[in-house]
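1. Dropping the sequence and predicted coords here.
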Amino acid sequence: MSKEFFDAVKMLEEEKGIPADYLYEKIAGAIVVAAKHDFNGKDIVFCDIDPEKEKIKVYVRKNVVETVEDPDTDLTLEEAQKIRKTAKVGKTIDIPLKTKDFGRIVAQTAKHVIRQGIREAERGKQYEEFQSKNQELVTAKIHRVDPVTGNAAVEIGKTVALLPKAEQVPGEVLKEGESIKIFIVDVREGTKGPKIMLSRTHPGLVRRLFETEVPEIFDGTIEIKSVSREAGSRTKIAVFSKDENVDAVGACIGPKGQRVSKIVDALGGEKIDIVDYSDNIEEFIAAALAPSDVCSVEILDESVKSCRATVPDDQLSLAIGNKGQNVRLAARLTGWKIDIKPESGFYEGPQK
């Protein structure tokens, strides 16, 4: 094998980050597989690659016997001693394969394995890169929007991934060339590289946006307890301050509402209710029904997490929300089924 081959492997190690030992191992294995065809697939072919001496040795290991039973694996003592004078019956002998007979196969195999190795290594690096961003927020540039399906191809670094229409915010119009924030829901290994699942509708997107804009969340002073979201319309987020001197809701809103305004803009105008989390479930449910006031919360059945919230008559529709959205989001935020009752008691209706 020429010196150029070993130089090429060293260059790949430096430029692509593919370990040379990995390539040598793959090439040796592939050469053995190719050479075994001449010996009816028997495991008697070996390949040693010595990068220091820049040599590749391909050889067949046969048994030295008195009577040959299998010409692929056996040879007589007389034949063996022509190759090595010290050969003895019962021992093995390594027979080098001639370069002129095998050189072409070695060269072709090496080229194929190197190409395959580069692809595998690049896919591996790509997978590791995205795995480190799993469940994280990334900035993506819109490459193309399919006019038929509405699916968007987006660029994240040097990789192009798919943002399905179902994972886009309803009513949002994506334009080619613009940059948007996207949440990486999951990363899985695929045959053609990593399979990246992206979303603009996932509650995790809101969670990460708050972590980015609110330093107190990033440093752990404020904790996001739960998020419920109907993308493009409204989100509720429950926050808790570990420091009694820090107002969790106020910190998330920011001076003159600047912090939450940036998040609203990033979500295309989606409304956001920020509420205080409480270990007292009645207080938490009352807070979750914001912007409505709540007179009281009655636990109906703790085993199935069912309760009834009483609200002022004039705030009944506000508590329920448009098509039941407010109470539905509050229920998801708290994990409780919530029935709404007006203070006068004249209205009774099942709520989701």
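-> Nice, thanks for sending it over. Numbers count the residues shown, from 1 in each chain.

2. List the contacts of stretch 124-142.
-> The contact list for stretch 124-142, computed with CB atoms under 8 Å, 6 or more residues apart in numbering, reads 17, 152-157, 159, 161, 163, 174-187, 189, 193-194, 196, 198, 204-205, 208-209, 212. For every residue, glycine as well, the C-beta is placed using N, CA and C.

3. Restricted to strands, list those.
-> 152-156, 159, 161, 163, 179-187, 189, 193-194, 196, 198 (DSSP state E).

4. Show me just the buried residues among these.
-> 152, 154, 156, 161, 163, 180-185, 187, 193-194, 196, 198 (16 or more other CB atoms under 10 Å).

5. Run through the bridge partners of the residue positioned nearest the centre of the chain.
-> Geometric centre of the chain, nearest residue: V187, 2.0 Å, by CA atoms, centre = their mean. Going by DSSP bridges, V187 is paired in beta bridges with I196.

6. Distance-wise, check it relative to P194.
-> Distance, V187 to P194, using CB to CB, to the nearest Å: 6 Å.

7. re the thing from before, and the gap between the residue nearest to the centre of the chain and E136?
-> For V187, the distance to E136 equals 10 Å [CB to CB].

8. could I have stretch 125-134 exported to PDB, CA atoms only?
-> The C-alpha trace of stretch 125-134 is given here as PDB (Å, rounded to 0.1, in the frame of the first residue of the first chain):
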ATOM      1  CA  LYS A 125     -20.400  14.100  15.100                       C
ATOM      2  CA  GLN A 126     -23.700  15.600  13.900                       C
ATOM      3  CA  TYR A 127     -25.600  13.300  16.300                       C
ATOM      4  CA  GLU A 128     -23.400  14.200  19.200                       C
ATOM      5  CA  GLU A 129     -23.800  17.900  18.400                       C
ATOM      6  CA  PHE A 130     -27.600  17.800  18.300                       C
ATOM      7  CA  GLN A 131     -27.800  15.400  21.300                       C
ATOM      8  CA  SER A 132     -26.100  18.100  23.300                       C
ATOM      9  CA  LYS A 133     -28.900  20.500  22.200                       C
ATOM     10  CA  ASN A 134     -31.800  18.000  23.000                       C
END
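
9. what separates it from the chain centre, distance-wise?
-> 6 Å (CA atoms, centre = their mean, to the nearest Å).

10. average pLDDT for that stretch?
-> Confidence over stretch 125-134 (mean pLDDT, whole number) is 79.

11. cool, stretch 37-50 as well?
-> 87.

12. how long is that stretch from one end to the other?
-> Terminal residues of stretch 37-50 are spaced 24 Å apart (CA to CA, to the nearest Å).
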